[in-house]
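Colleague: Have a look at this fold, sequence not included:
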């Protein structure tokens, strides 16, 4: 994600930049910090900036662009960046566009925090009054007078960037007068809407999880059926045993009955046979007489 935050002094750009850095693992690029780092590292472009800064003059745009170019080549820039304090003018914006084009880097959005200047001045006046009432020291650059000058410079130099980026369909405007939390939510909402935070990738990542869940559900169903069948079998086992016991008892009873019937038949048969023999014997005796 590559972003630029626009807005007058006191609009809350620094606060929102830090929140975006933490949420999306971005690098916040401050031209002031980059200049000091380049000077400390004594890079070729840093040495040029050092001479200019030592003379008290403003650092030319080409040197600032050169420092940004070097910084964009660092490996920690892979997740993206937020430009803080740059560009300040339309020529700087045009030079930045050219640099990004050469490096094949796409600028996702320019977020403007739109605020009411009179409300900003009231805030500063109230804050300064409270600090003085508590006996605290007020910074020389944190007064209504200084803020008025900075706002005038913003209107003259930086405000034309709103039209510049609007023409290029990069500008997204957020009401900076809302609470900090509301501003943060609105920024994240519009970034999701333009696809800068890749909601589709999130959905794709969620798809395998959904499929895995569905697969687990399908696997669970047969297991559930088996468990249900086993439970039913356990439940019906006593009944089956009881039935088997009754059947065994009935079989024994039938067998006894059959045995008795067989014995009776055999007895009757034997009795008849004995009677016949006795009759025959008596008949023979009578015949002899």
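Modeller: Perfect, I can see it now. What you see is a predicted model, and the numbers here were worked out from it, not measured in a lab.
Colleague: Relative to residue 73, how far out is residue 102?
Modeller: Distance of residue 102 to residue 73, given as CB to CB, to the nearest Å: 12 Å. Heads up, the C-betas are built off the backbone N, CA and C, glycines and all.
Colleague: who touches both of these two?
Modeller: By CB atoms under 8 Å, 6 or more residues apart in numbering, residue 102 and residue 73 have no common neighbours.
Colleague: Please enumerate the strands of the protein.
Modeller: Ranges of strands in the chain, per DSSP state E, are 2-6, 27-30, 81-84, 109-114, 171-175.
Colleague: quick one: residue 196 from residue 130, how far?
Modeller: 38 Å.
Colleague: Can you check the pLDDT for residue 110?
Modeller: Looking at residue 110, its pLDDT stands at 96.
Colleague: what sits against it?
Modeller: 3-6, 161, 165, 170-172.
Colleague: Looking at the residues you listed, which is nearest residue 61?
Modeller: residue 161 (13.9 Å; CB to CB).
Colleague: check contacts around the closest one.
Modeller: 6, 87-90, 93, 110 are the contacts of residue 161 under CB under 8 Å, 6+ apart.
Colleague: would you list those residues in TSV and tack on distance to residue 59?
Modeller: Listed next are the contacts of residue 161 as TSV, based on distance: CB to CB, whole Å:
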residue	distance to residue 59
6	21
87	13
88	12
89	13
90	18
93	17
110	23
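Colleague: quick one: low-confidence ranges for the stretch 51-200 of the chain?
Modeller: 141, 198-200 (pLDDT under 70).
Colleague: In it, what residue spans correspond to helices?
Modeller: For the stretch 51-200 of the chain, applying DSSP state H, counting those that start in this stretch gives helices covering 61-72, 90-102, 117-133, 144-153, 160-167, 180-193, 199-288.
Colleague: Around residue 15, count how many other residues there are.
Modeller: Counted by other CB atoms under 10 Å, the residues lying close to residue 15 total 13.
Colleague: quick one: which of the strands of the chain is nearest residue 125?
Modeller: Between the strands of the chain, strand 109-114 lies closest to residue 125; by CB to CB that is 20.4 Å.
Colleague: same question for stretch 4-16, mean pLDDT?
Modeller: Per-residue pLDDT values across stretch 4-16 average out to 90.
Colleague: Mind listing what's buried along it?
Modeller: Within stretch 4-16, the residues scored as buried using 16 or more other CB atoms under 10 Å are 4-13, 16.
Colleague: try stretch 25-42
Modeller: 26-31, 34-35, 38-39.
Colleague: Against residue 177, how distant is the nearest residue to residue 123 once chain neighbours are set aside?
Modeller: Using CB to CB, 6 or more residues apart in numbering and skipping the chain neighbours, the partner closest in space to residue 123 is residue 10 (7.0 Å). Remark: distance between residue 10 and residue 177 (CB to CB) = 11 Å.
Colleague: do the same with residue 101
Modeller: 35 Å.
Colleague: Between those two, tell me which one has more neighbours.
Modeller: Using other CB under 10 Å, the more surrounded residue of residue 101 and residue 177 is residue 177, with 15 against 11.
Colleague: In this structure that one contacts residue 118, no?
Modeller: No: taking contacts as CB atoms under 8 Å, residue 177 lies outside contact range of residue 118: 11.1 Å.
Colleague: Which residues does stretch 97-105 contact?
Modeller: Identification of contacts with stretch 97-105 by CB under 8 Å, 6+ apart yields 2, 65, 68-69, 72, 106-107.
Colleague: Have a look at residue 196 and residue 130 and say which one is more surrounded.
Modeller: residue 196 (18 against 10).
Colleague: Burial check on residue 162, number of neighbours?
Modeller: Neighbour number of residue 162 under other CB under 10 Å is 16.
Colleague: correct me, but it touches residue 168?
Modeller: No: Residue 162 is not in contact with residue 168 according to CB under 8 Å; the separation is 11.3 Å.
Colleague: Would you point out the most distant pair within the contacts of stretch 97-105?
Modeller: Among those, 65 and 106 lie farthest apart (CB to CB), at 17.8 Å.
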